[in-house]
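In: coords below, sequence missing:
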DNA sequence: TAGGACATACCGACCGGTCGGTAGGGTGGC
DNA sequence: GCCACCCTACCGACCGGTCGGTATGTCCTA
């Protein structure tokens, strides 16, 4: 659990990285926005990259936990898919800035961290795909479109979400999540 | 139509911007990759931003023309939607690098150009939405999910495509386009 | 011989990161 | 009860290097 100063730095960094991009944001801007000094930042983070990675870590941890929790419920395929989508959309909408940074600056992960991340993402995709394939095998879903394409579509929509979803817009995250889940499930009939 | 030198610069820039990001790519790297000198680059482009914008312009022009051409055919809603999606997916897959730069570096457009772009995108969305709403009104599509959400989903998928589609992958662009169109149309039944 | 198409040398601003130092609170010996 | 000692948290001036951009010159074609 980060202390107050650390948290101030992370919050400011997320906001700035999301709105201007990582490279376009200088360390000076971050410390100014966080109302701390450069010394404080480099006391807590080894480098600017390190700060970025800390943002990733917080998000990845939360999303994987959500997925595992839902799978563990052992619901029928349709309900599992709905739960996964709703949780994905709501948690993404809840932290648009973190999600925007995450999607946009992904290639900045160093070689090693990138490998770890890809493995984690692969696991995520395959878990999701397995749910859909199970539903197709049981006859609950149509097999017209391959499961991997459906996963790509679903994840793609969520990843793109931070680009246009606004928390103060007319559509709440809950309602949007419901609509997206409805649409995907309709496509699977 | 750009001359040979101009084209070499644009090609190199697209490749580098796509793989490393705009900010992380220096003008030096671009001129080195294009095998020209800095003088040549600044002879044709007023600034680095200008070079980026030229990449946008080429892409936007092509996509809008595609959409207009399809609408003009006056096909039934389902076929129009299919044509739009297939053309979107194929043209995006055909130029993954340009599309990747476009999606990733959008916020770098200056204030004025951003306003123009938003207007163009709004027009695009509304044209697409109108097709779907027509289909819903005629009873050809279900009205379970609002047309604007369907448009968001469809465009979202395509925008995310450059992040994972590889031209040398096992699935061809045509086949993928067909699957995506099938899925979206199934969701609209 | 005028002008477009480049080449080369160079500029000032700014970048991420470092480093010597300080303020203040906890702790152990006497 | 007090002081010597230390440690963490933090400060901000400063550094080498790179950045986007420019000024000026040369060459080639018409």
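Out: Sure, I can see it. Owing to the predicted nature of the structure, the values given are computational and were not obtained by experimental measurement.

In: Go ahead and confirm residue A:156 touches residue B:165.
Out: No: between residue A:156 and residue B:165 there is no contact under C-beta atoms under 8 Å: 10.2 Å. To be clear about C-beta, it is placed using only N, CA and C from the backbone, and glycine gets the same treatment.

In: For residue A:86, which non-adjacent residue is closest in space?
Out: Of all residues not flanking residue A:86 in the chain, residue A:177 sits nearest, at 4.4 Å (C-beta to C-beta, 6 or more residues apart in numbering or on different chains).

In: That neighbour: what's it in contact with?
Out: With contacts defined as C-beta atoms under 8 Å, 6 or more residues apart in numbering or on different chains, residue A:177 is in contact with A:85-86, A:89-90, A:93.

In: again, but for residue A:54
Out: Shown in contact with residue A:54 (C-beta under 8 Å, 6+ apart): A:10, A:45.

In: can you pull the pLDDT of it?
Out: Looking at residue A:54, its pLDDT stands at 90.

In: Spell out which residues make up each domain of chain A.
Out: Taking automatic domain parsing as the reference, chain A has its domains at A:1-45, A:46-188.

In: returning to what we had before: how near is the residue nearest to residue A:86 to DNA strand D?
Out: Going from residue A:177 to DNA strand D by C-beta to the nearest atom of the strand, to the nearest Å gives 38 Å.

In: Using the three-state scheme, assign that residue.
Out: At residue A:177, secondary structure determined by DSSP: H, G, I helix; E, B strand; the rest coil is helix.

In: picking up where we left off before, okay if I get the contacts of residue A:177 as CSV plus neighbour count?
Out: Formatted as CSV, those follow (neighbours: other C-beta atoms under 10 Å in any protein chain shown):
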residue, neighbour count
A:85, 23
A:86, 18
A:89, 23
A:90, 16
A:93, 22
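
In: Pull the most distant pair out of these.
Out: Using C-beta to C-beta, the contacts of residue A:177 reach their maximum pairwise distance at A:85 and A:93, which is 12.1 Å.

In: what does the model give residue A:116 for pLDDT?
Out: 87.

In: so where does it fall, helix or strand?
Out: According to DSSP states H and E, residue A:116 maps onto helix A:111-137.

In: How about residue A:33?
Out: Using DSSP H and E, residue A:33 falls within helix A:27-34.

In: near DNA strand D at all, the helix or strand immediately after that helix in the chain?
Out: Helices and strands here follow DSSP H and E; after helix A:27-34, the next one along the chain is helix A:38-44. Yes: applying C-beta under 7 Å from any atom of the strand, one finds helix A:38-44 in contact with DNA strand D at A:38-40, A:42-44.

In: Also stretch A:12-24?
Out: No: Stretch A:12-24 stays out of contact with DNA strand D when judged by C-beta under 7 Å from any atom of the strand, the minimum separation being 9.4 Å.

In: what sits against residue A:85?
Out: Per C-beta under 8 Å, 6+ apart, neighbours of residue A:85: A:154, A:158, A:177, A:180-181, A:184.

In: what about 7 Å?
Out: Residues near residue A:85 by C-beta atoms under 7 Å, 6 or more residues apart in numbering or on different chains: A:154, A:177, A:180-181, A:184.

In: for residue A:167, helix, strand, or coil?
Out: With three-state DSSP as the basis, residue A:167 sits in coil.

In: quick one: it and residue B:185, what's the gap?
Out: Distance, residue A:167 to residue B:185, using C-beta to C-beta, to the nearest Å: 31 Å.

In: Between those two, tell me which one has more neighbours.
Out: Using other C-beta atoms under 10 Å in any protein chain shown as the criterion, residue A:167 and residue B:185 rank with residue B:185 on top: 19 against 10.

In: what angle do the helix or strand the more buried one falls within and helix B:111-137 make?
Out: Using DSSP H and E, residue B:185 maps to helix B:173-187. Per axes from the mean of the first three to the mean of the last three C-alpha atoms, to 10 degrees, the angle that helix B:173-187 makes with helix B:111-137 is 60 degrees.

In: got the buried residues for helix B:173-187?
Out: Buried positions in helix B:173-187, judged by neighbour count with 16 or more other C-beta atoms under 10 Å in any protein chain shown: B:173, B:176-187.

In: any idea which of those is closest to DNA strand D?
Out: Distance to DNA strand D, by C-beta to the nearest atom of the strand, is smallest for residue B:173 among those, at 32.2 Å.

In: Show the contacting residues for the closest one.
Out: Counting by C-beta under 7 Å, 6+ apart, residue B:173 makes contact with B:89-90, B:93-94.

In: Pass me the low-pLDDT residue ranges in chain A, would you?
Out: Scanning chain A for pLDDT under 70 picks out A:1-2.
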